[in-house]
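Peer 1: just the structure for this:
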Amino acid sequence: YYYSFRIPEILLNRSDSVCFFSLINIKAINKNNFLDWRKAVRRGFGDVRDFNDMEILRLERVEINRLIAAIDDETNGIVGTGGTDSFNLTIPGFRSIKMGGIAYMTTSLTHRRRGIWTELMNYLHDDAVNHGEIMTGLWASQSNLYRRFGYGIGTLSERWNIRSRFTSIKFPLDPDFFVEFVEQTDALEMFPSIYESFRKKNVGMVNRSEGRWRYEIHQVKKGQNPVFYLMSTRNGKPDGYLIYKTVRSGDMEMGSIEVIEELSLSVESSLHLWSLIVDSDLINNIVADNRPHQDPILWYFTNPRSVTRETKDGVWYKLINVKKCLEMRAYSTEDSKTIKVLDPMNLEDFKTFRVESTNLGASVYHSNSEPDIEIYCSDLASVFMGVTTFSLLHQTGRLRIKSSSVIEQLDMMFGTNNAWCPHYF
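Peer 2: Below you'll find the predicted structure:
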């Protein structure tokens with residue numbers, strides 16, 4: 001057991017409504033209790049997975065030594081779950097830092113509103129510090145939960161619905177590029193290197209281990225619909241890939257395509273890949289989830305209104321070590337600013353930093369000087385990753401500033417490309 005805490009419960013079935021305390025233990029997961037833990041996770045998300053799914057998850061995806069559960073001492077049952085995946089995250093300036101990917105977060109319906117979630121989150125943040133991770137990130141099933149823990153929206157994601165019968169992708173064909181179908185074994189061999197090359201040059205992306213690649217391919221294969229793997233080469237070298245499924249009810253019926261993932265090292269490869277599926281016969285529409293907010297492919301559709309786009313939050317990030325994060329990030333201008341960072345859960349707990357920036361990084365010092373700006377740590381995470389600007393946040397009244405000129409200077413200082421993360425964790 002890592003630690004224990006007590007939570008109050010009210011016995012509503014007794015006339016005197018006696019109040020007592022139930023002991024909750026935060027416990028490590030191992031191979032002996034992994035199955036119970038996984039069942040509790042899926043129950044929290046409202047579904048059940050088969051045993052083979054759980055075994056593949058244990059062997060290929062999770063780091064079992066970073067999984068935890070909240071155990072009710074009275075019933076010995078799992079009433080809360082959580083865990084962390086270890087990642088390398090690309091931040092502005094294309095540097096890689098260690099990041100903890102928070103996942104598997106649930107609380108049992110029978111034990112809600114008792115502080116279990118908070119204790120699990122606090123444990124995982126402490127665990128990230130112990131692993132030398134200066135940031136954490138997560139995909140939020142509910143977007144109202146995480147700002148209080150210091151998380152801010154760090155990437156934007158789009159869901160596309162393309163009425164492919166009413167549009168096409170128009171561009172000059174390039175003989176240097178060639179697209180072909182490959183088998184799953186070839187995809188597992190060649191796609192990871194494309195992904196990793198792309199990750200290193202795109203803010204917000206995390207690495208994907210060999211085991212995670214095998215797990216992702218297994219997940220894609222589930223169900224009755226066939227999976228296809230397309231690869232684009234440039235002068236004979238792998239340059240991009242697209243993974244998709246087809247959904248059809250019969251040979252005489254029109255169907256649809258679900259794009260699982262497309263990544264390319266050049267716009268030309270993306271165009272060659274997308275044009276093939278957009279022009280597919282017997283297809284009415286194409287659905288692609290988690291596309292980047294600013295995707296150049298959109299400019300090549302002959303009928304842009306045939307593409308319906310739904311924008312939503314993607315990965316949420318927390319700056320675990322604010323000073324180290326500010327030091328590691330690259331900046332667009334050389335400047336010096338004093339930033340007061342506020343904790344939304346405790347406004348009395350704040351830190352003030354003097355940031356002296358360059359395009360290679362920054363020198364950051366603790367400061368007692370009057371700040372140029374006061375900002376919540378969750379909002380700082382958002383501007384850190386480039387998903388928003390100080391100007392926009394100032395319009396919402398979320399900032400306190402020393403002078404109006406500070407906002408424009410900070411926008412120039414922190415300016416970067418929009419972050420995107422195609423990898424769910």
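
Peer 1: export the one helix or strand residue 189 maps to as CSV, just CAs?
Peer 2: Assigned by DSSP states H and E, residue 189 falls within helix 184-199. Provided in CSV are the C-alpha atoms of helix 184-199 (Å, rounded to 0.1, in the frame of the first residue of the first chain):
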residue,chain,number,x,y,z
GLN,A,184,-0.2,-5.6,-41.6
THR,A,185,3.3,-7.1,-41.0
ASP,A,186,4.8,-4.5,-43.3
ALA,A,187,2.9,-1.7,-41.7
LEU,A,188,4.2,-2.7,-38.3
GLU,A,189,7.7,-2.6,-39.7
MET,A,190,7.6,0.6,-41.7
PHE,A,191,5.0,2.9,-40.2
PRO,A,192,6.7,3.5,-36.8
SER,A,193,9.7,5.2,-38.4
ILE,A,194,7.4,7.6,-40.3
TYR,A,195,5.5,8.3,-37.1
GLU,A,196,8.6,9.0,-35.1
SER,A,197,10.1,11.3,-37.7
PHE,A,198,6.8,13.2,-37.8
ARG,A,199,6.7,13.4,-34.0
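
Peer 1: and that helix, what's buried?
Peer 2: Counting neighbours by 16 or more other C-beta atoms under 10 Å, one finds that the buried residues in helix 184-199 are 187-188, 191-192, 194-195, 198-199. C-betas here are computed from N, CA, C, even on glycine.

Peer 1: helix or strand right after that helix?
Peer 2: Remark: after helix 184-199, the chain's next helix or strand is helix 210-221, criterion DSSP H and E.

Peer 1: tilt between that next one and helix 184-199?
Peer 2: On the basis of axes from the mean of the first three to the mean of the last three C-alpha atoms, to 10 degrees, helix 210-221 is oriented at 120 degrees to helix 184-199.

Peer 1: tell me what helix 210-221 is packed against?
Peer 2: Packing partners of helix 210-221 (3 or more C-beta pairs under 8 Å, 6 or more residues apart in numbering; DSSP states H and E): helix 51-56, helix 184-199.

Peer 1: mean pLDDT lowest for which of the ones you listed?
Peer 2: Among the helices and strands packed on helix 210-221, helix 51-56 has the lowest mean pLDDT, at a mean of 78.

Peer 1: identify the residues contacting that one?
Peer 2: Here helix 51-56 makes contact (C-beta atoms under 8 Å, 6 or more residues apart in numbering) with 34-35, 38-39, 214-215, 218.

Peer 1: check what contacts the strand or helix carrying residue 41 and list those residues.
Peer 2: Assigned by DSSP H and E, residue 41 belongs to helix 34-44. For helix 34-44, contacts defined as C-beta under 8 Å, 6+ apart pick out 29, 48-49, 51, 54, 57-58, 64, 67, 69, 78-79, 81, 104, 106-108.

Peer 1: try 6 Å this time
Peer 2: 29, 48-49, 54, 58, 69, 78, 81, 104, 106 (C-beta atoms under 6 Å, 6 or more residues apart in numbering).

Peer 1: buried residues in that helix, which are they?
Peer 2: Buried-residue list, helix 34-44, by 16+ other C-beta under 10 Å: 34, 37-42, 44.

Peer 1: list the buried residues in stretch 59-78.
Peer 2: Buried residues in stretch 59-78, counted by 16+ other C-beta under 10 Å: 60-62, 66-72, 78.

Peer 1: need the contact partners of it.
Peer 2: If you take C-beta under 6 Å, 6+ apart as the criterion, stretch 59-78 is touched by 22-27, 29, 36-37, 40, 79-84, 116, 211-212, 214-215.

Peer 1: what of stretch 109-125?
Peer 2: Residues external to stretch 109-125 that are found in contact with it (C-beta under 6 Å, 6+ apart): 5, 7, 26, 70, 79-80, 82, 84, 102, 107, 149.

Peer 1: which one (most neighbours) among those residues?
Peer 2: residue 70 (29 neighbours; other C-beta atoms under 10 Å).
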